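Enquirer: Okay, predicted coordinates and the sequence, questions at the end:
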Amino acid sequence: MKREIGDECSLEKAIETAINNVGNSYAPYSDFYVSAVLVTKSGKVYLGNNIENASYSLTICAERNAFFTAVREGNRDFDYIVIVGGKEGNITDYCPPCGACRQVMQEFCEEGFRIVLAKSINEYKVYTLKELLPLAFSEDSMAEITTERKN
Ligand code: THU
């Protein structure tokens, strides 16, 4: 059965999973816990949390953690991602994805992909990647540059 973003049950479950999983972040330096639930079109679910390091730049975001797990398992038919986060794991506001994570989404996601920022199972906002990353750099951008240089 094809699952839709508007299918309240599955989306609700994904939000619930993201909220329940927020405690699995390892964030002793920022105390900011982020949890992502990446859902494929076939209904597979990949969880991700931010994992920090004393060498700060080695930190991996929750979203990229979920994406890289899915890609290394051979799954790239992404439907949507739910993101929740907050200080000490308290979800009091929406947690938008950072620029690096948006760029990783650009690499692997098609136009129909949706980004769901949630505060609770009935408080969430849905975005397209184009809304969050307009004028994105992609493989196509390089093709255009190469063609322009040749002419
Ligand atoms: N963080 C994420 O996990 N995802 C984002 O898109 C934004 C930031 C994490 C990284 C770091 O561990 C903490 O939030 C504070 O920046």
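Expert: Yep, it's here. Numbers count the residues shown, from 1 in each chain.
Enquirer: Quickly find the element holding the residue sitting nearest the centre point of the chain.
Expert: Centre of the chain computed as the mean C-alpha position; nearest residue by C-alpha atoms, centre = their mean is E63, 4.0 Å away. Of the helices and strands defined by DSSP states H and E, E63 is found in helix 62-72.
Enquirer: Outside of that helix itself, list whatever touches it.
Expert: 25, 34-38, 40, 44, 46-51, 76, 78, 81, 83, 85, 97, 100-101, 104-105, 108 (C-beta atoms under 8 Å, 6 or more residues apart in numbering). Bear in mind the C-beta positions are built from the backbone N, C-alpha and C, glycine included.
Enquirer: which among the residues you listed end up buried?
Expert: 25, 34-38, 40, 46-51, 78, 81, 83, 85, 97, 101, 104-105, 108 (16 or more other C-beta atoms under 10 Å).
Enquirer: quick revisit: ok, the closest residue to the residue nearest to the centre of the chain other than its chain neighbours to M142 distance?
Expert: Leaving aside its sequence neighbours, E63 sits nearest to C101 (C-beta to C-beta, 6 or more residues apart in numbering; 4.0 Å). Using C-beta to C-beta, to the nearest Å, we find C101 at a distance of 21 Å from M142.
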